[in-house]
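> Curious how this folds, go ahead:
(4 chains)
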2 protein chains.
Amino acid sequence: MVTGSMDTEIIIAIVAIVFFIVGVYLHKKSLHTDPFPKTGVNLEKTKSLEISPREYEVLKEVALGLSNKEIADKLFVSESTIKTHVSNLLVKLNAKRRTHAIQIAQELKII
Amino acid sequence: MVTGSMDTEIIIAIVAIVFFIVGVYLHKKSLHTDPFPKTGVNLEKTKSLEISPREYEVLKEVALGLSNKEIADKLFVSESTIKTHVSNLLVKLNAKRRTHAIQIAQELKII
DNA sequence: AAATTGCTCATACTAAAGTACCAAAATGGG
DNA sequence: CCCATTTTGGTACTTTAGTATGAGCAATTT
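Okay, here's the model as predicted:
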């Protein structure tokens, strides 16, 4: 070393270690600032797509793999109603069929 | 400070900054050690489910929202062939229909 | 009050999806 | 070469999905 006694070198080493740890710690903490996009963003986008609350509800069931009849029973409405909702969803999501709608919805992160 | 000249303090400060940066950098890098589940894990599970390579290929297309006819054209085979593959996939994935198969496949993280 | 919007449901079809069953090539090891 | 598996394909149906159209009802909004 150019300058510095034994004591000085020890102090520098300690400072190095401490700031290294601080660096790791702060970076780790900085990564915990975005786990909020859980709920909230979804409904925002559905609005811009003009998807109604009921349609959105149906969309989620479709994505779970349920048939129109199964969704109808689950939501206590007729199958006709579900067909209407799904049909409207396809138009609004610009999808050719329900599987396509699922893919698009996932890409838009609305489900 | 107990001991140390002006020069010493500057050195300590520099060391602190350098190791702080090193700390941040190494921690950041340490988070890039698992991006391997890209490919590899998938094929493992498909084996356990006895899903053939071709069936797996069809599964991915189904998940993209394509129709049987579209998949057939894309893979240069007949629609009958795709129907056979999809039917086999439903049995192997224990799904009632293609949308259900998508959901199950995603849950198993094989797509 | 009148118009709008969302949810509901029906009828009548057309179009995909899915099942069942069978069978011929193609492929990859042993 | 033979065998097992995969991939391919067809026919014949049954079942879901999806479209088109019209309409009644309740809650808002204007």
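
> ok, the closest residue to residue A:51 other than its chain neighbours - contacts?
Nearest non-adjacent residue to residue A:51, counting by CB to CB, 6 or more residues apart in numbering or on different chains: residue A:92, 5.5 Å away. All C-beta spots, glycine's among them, are computed from the backbone N, C-alpha and C. Residues in contact with residue A:92 (CB atoms under 8 Å, 6 or more residues apart in numbering or on different chains) are A:49, A:50, A:51, A:55.

> does the last one sit in a helix or strand, and which one?
Counting by DSSP states H and E, the element that carries residue A:55 is helix A:53-63.

> is the helix or strand just after that helix up against chain B anywhere?
Downstream of helix A:53-63, the first helix or strand assigned by DSSP H and E is helix A:68-75. No - Helix A:68-75 stays clear of chain B (CB under 8 Å from any CB of the partner chain), getting no nearer than 8.7 Å.

> Can you tell me which helices and strands helix A:68-75 packs against?
Packing partners of helix A:68-75 (3 or more CB pairs under 8 Å, 6 or more residues apart in numbering or on different chains; DSSP states H and E): helix A:53-63, helix A:79-93.

> about what we covered before: filter the contacts of residue A:92 down to just the ones in strands.
Counting by DSSP state E, these place none of their members in strands.

> Buried members of those residues into ChimeraX, please.
A single ChimeraX command is used to select the members of the contacts of residue A:92 judged buried by 16 or more other CB atoms under 10 Å in any protein chain shown:
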select /A:49,51,55
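
> Specify which member of the contacts of residue A:92 is nearest to DNA strand D.
Compare each of the contacts of residue A:92 with DNA strand D using CB to the nearest atom of the strand and the shortest gap goes to residue A:55, at 12.6 Å.

> What's the separation between the closest one and chain B?
From residue A:55 across to chain B, the span is 17 Å (CB to the nearest CB, to the nearest Å).
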